[in-house]
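Student: what's the 3D shape of this:
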Amino acid sequence: MEQRIVLAHDGSINADWVARYALRMAAGLPGRRLQVIHILDGSVDRDRIETRFAAIASECVREGLHCEPLIRDLQGDVAASLLAAMQPGTVSHCLCGARVAARGSRGFLAGTVSERLLRSGQCNVLAVRVVSPGLLGCPRTLLFPLAGHPRGFRSAMPFLLLLAQPTARLHLLRVMVVGHLHLGHLSAATARARIALGYDYFTRVADEIRAQADAPPCHLERHAVLAADWAGEILVQAGKLGVQMILLGASERSLPHRVVYGNPLERILRDTACDVGIYCRP
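Tutor: Prediction:
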């Protein structure tokens, strides 16, 4: 079954920015297929959506992509309507926005359609917060913070292969959390031993990348650090390394639901100085 990129477009300028990522990723698939879906929930006029879709279709023609615009009536709620309209499974890669939609909203993901899509488990989902629309969906430096799970990087591979390019630089980051009280009292030998474990994990990740890709999709650099604040350290390293996009894996435990301000993903989405993508596989 042919792979495709599915863009969930809500009619906002932010969705137009996310569309740049969708166009780039669709160009990396053999069939070069992009499906653009909007659910008519009354928030945006149909004429406005048709105008935006026509602009995306014109861009697809220029890029040699096959575009499938789809406008559907609301059935239940927006997330359920989107999932019903798209093809489930790993052949679909759904892109959506991560933004504070209105005054009084709880967060960038909590309570949003994007959160529902990430939780659905029906397809590959990438929720993008665009901070730098001038990148045009083409970041040249990427930061992948890795949690250290032995199977964790497999979920990142589809997005890595679609986003990375041979001239790009990929920074793999392993933040090993140590409690505030213990961090300042670690001996140098203990700290070196823990850092070494982080670099051992990178070796396994590099082997996995080589196993799943014919060649490394871009230049790899590896960084292992000890820190008391996981989210804060990711933001520090992103600034230090000058990355243009952070890619973070989401899980049922890490996705925000009721708690917003203390949630690590929400903190990164709120305080980031670069684009951020939150990904999840079925």
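
Student: in the strand or helix carrying residue 96, what counts as buried?
Tutor: Assigned by DSSP states H and E, residue 96 belongs to strand 89-97. For strand 89-97, a neighbour-count test (16 or more other C-beta atoms under 10 Å) marks 92-97 as buried. For the C-beta atoms, the positions are set from N, CA and C on the backbone; glycine is no exception.

Student: show me where the stretch 151-282 of the chain has strands.
Tutor: Taking DSSP state E, counting those that start in this stretch, the strands of the stretch 151-282 of the chain run over residues 169-177, 219-227, 245-249, 275-280.

Student: just the buried residues of the longest helix that the chain contains, please?
Tutor: In the chain, assigned by DSSP state H, the helix with the most residues is helix 188-212. Using 16+ other C-beta under 10 Å as the test for burial, helix 188-212 gives 195, 198, 201-202, 205, 208-209.

Student: could you do stretch 155-168 as well?
Tutor: Buried-residue list, stretch 155-168, by 16+ other C-beta under 10 Å: 155-160, 162-164, 168.

Student: need the residues you listed in JSON lines with pLDDT and distance to residue 5, can you?
Tutor: Shown next, in JSON lines, are the buried residues of stretch 155-168 (pLDDT from 0 to 100; distance: C-beta to C-beta, whole Å):
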{"residue": "155", "pLDDT": "71", "distance to residue 5": "17"}
{"residue": "156", "pLDDT": "76", "distance to residue 5": "17"}
{"residue": "157", "pLDDT": "78", "distance to residue 5": "16"}
{"residue": "158", "pLDDT": "79", "distance to residue 5": "11"}
{"residue": "159", "pLDDT": "82", "distance to residue 5": "11"}
{"residue": "160", "pLDDT": "80", "distance to residue 5": "15"}
{"residue": "162", "pLDDT": "83", "distance to residue 5": "8"}
{"residue": "163", "pLDDT": "83", "distance to residue 5": "12"}
{"residue": "164", "pLDDT": "75", "distance to residue 5": "15"}
{"residue": "168", "pLDDT": "80", "distance to residue 5": "19"}
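
Student: out of the residues you listed, name the ones that lie in helices.
Tutor: 157-160, 162-163.

Student: which one of the residues you listed is nearest residue 139?
Tutor: Nearest to residue 139 among those, counting by C-beta to C-beta, is residue 163 at 7.3 Å.

Student: just checking, that closest one touches residue 139?
Tutor: Yes: taking C-beta atoms under 8 Å as the definition, residue 163 is a contact partner of residue 139 at 7.3 Å.

Student: common neighbours of these two, please.
Tutor: Contact with both residue 163 and residue 139 is made by residues residue 245, according to C-beta atoms under 8 Å, 6 or more residues apart in numbering.

Student: residue 232 and residue 240, how far apart?
Tutor: The gap separating residue 232 from residue 240 is 12 Å, by C-beta to C-beta, to the nearest Å.

Student: more neighbours: which of the two?
Tutor: The neighbour count for residue 232 versus residue 240, taken as other C-beta atoms under 10 Å, is higher for residue 232 (15 against 10).
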